[in-house]
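Asker: Provide a 3D model corresponding to the input given below.
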Amino acid sequence: MIVVLVIGLLVNASCTKDDFCLQNPVTPNLVLRFYDDTNKETVKSVSKLYVWAEGKDTIADFNGVSSDSIYIPLNSLTTETVYKFSNGTDVDTFTITYTPKEDYVSRSCGYKVIFNDVTFYSDKTWIKEFTPSTLTTLDNQNTAHVQIYH
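Answerer: Next up is the predicted model:
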């Protein structure tokens with residue numbers, strides 16, 4: 001009986017806790033917010049917004065919707081992502097260049113990707129302007145990164 005108890009204690013003591021990722025290491029999306037180009041303080045929805053990555057299908061969440069902000073992923077395997085934004089009549093090309101960097105979070109969470117030296121370019125078809133044109137680091141998605149005026 002004592003042998004069974006000792007073996008049970010040894011087996012129980014040799015087990016480790018399961019590792020759970022509690023830090024939510026999300027590779028951030030790029031968050032864009034749309035504003036009125038004549039009154040820069042006023043948020044302005046795009047009434048028929050279509051968004052797709054160059055050479056890809058339209059993103060389902062942004063297929064003819066009315067929205068004043070969007071979140072879009074960046075390709076962490078390249079240094080550039082090109083999106084097409086349509087307001088229902090015109091198409092604007094929005095290019096994002098960056099340097100991706102893997103950021104170790106923990107053993108249980110693994111890695112997330114952060115984007116450094118981020119620059120934005122638009123051919124300004126229906127987008128009149130945007131700000132900022134560069135970001136040092138994109139490492140979260142808590143607030144809008146870019147304000148787009150249309």
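
Asker: only C-alpha atoms for contact and neighbour calcs from this point on.
Answerer: Noted.

Asker: And the contacts of the lengthiest strand in the chain?
Answerer: Longest strand in the chain by number of residues (criterion: DSSP state E): strand 91-106. Applying Cα atoms under 8 Å, 6 or more residues apart in numbering, the contact partners of strand 91-106 are 21, 23, 25, 76-86, 110-127.

Asker: And stretch 118-131, by the same measure?
Answerer: Contacts of stretch 118-131 with the rest of the structure, by Cα under 8 Å, 6+ apart, involve 37, 87, 90-99, 132-138, 146-150.

Asker: From the chain's centroid, how far away is the longest strand of the chain?
Answerer: 8 Å (Cα atoms, centre = their mean, to the nearest Å).

Asker: That one pairs with which strands, parallel or anti?
Answerer: In the sheet containing strand 91-106, its partner strands are strand 80-86 (antiparallel), strand 110-122 (antiparallel), by DSSP bridges.

Asker: Distance check, residue 81 against residue 109.
Answerer: 26 Å (Cα to Cα, to the nearest Å).

Asker: I should have written residue 102 there, sorry.
Answerer: Distance of residue 102 to residue 109, computed by Cα to Cα: 13 Å.

Asker: Between these two, which has more neighbouring residues?
Answerer: residue 109 (16 against 13; other Cα atoms under 10 Å).

Asker: Test my guess that the more buried one contacts residue 26.
Answerer: No: taking contacts as Cα atoms under 8 Å, residue 109 lies outside contact range of residue 26: 9.6 Å.

Asker: All the strands of this protein, in order from the start?
Answerer: Using DSSP E, the strands assigned to the chain run over residues 30-35, 46-53, 58-67, 69-72, 80-86, 91-106, 110-122, 129-131, 134-138, 146-149.

Asker: one step back: got a PyMOL select line for the buried ones in the contacts of strand 91-106?
Answerer: To isolate the buried ones among the contacts of strand 91-106 in PyMOL, judged by 16 or more other Cα atoms under 10 Å, type:
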select buried, resi 25+76+80+81+82+83+84+85+86+111+112+113+114+115+116+118+119+120+122+126+127
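
Asker: So for stretch 29-42, what gets flagged as buried?
Answerer: Those would be 29, 30, 31, 32, 33, 34, 35, 36, 37, for stretch 29-42 by 16+ other Cα under 10 Å.

Asker: what residues are up against the last one?
Answerer: Read it as residue 37. 128, 129, 149, 150.
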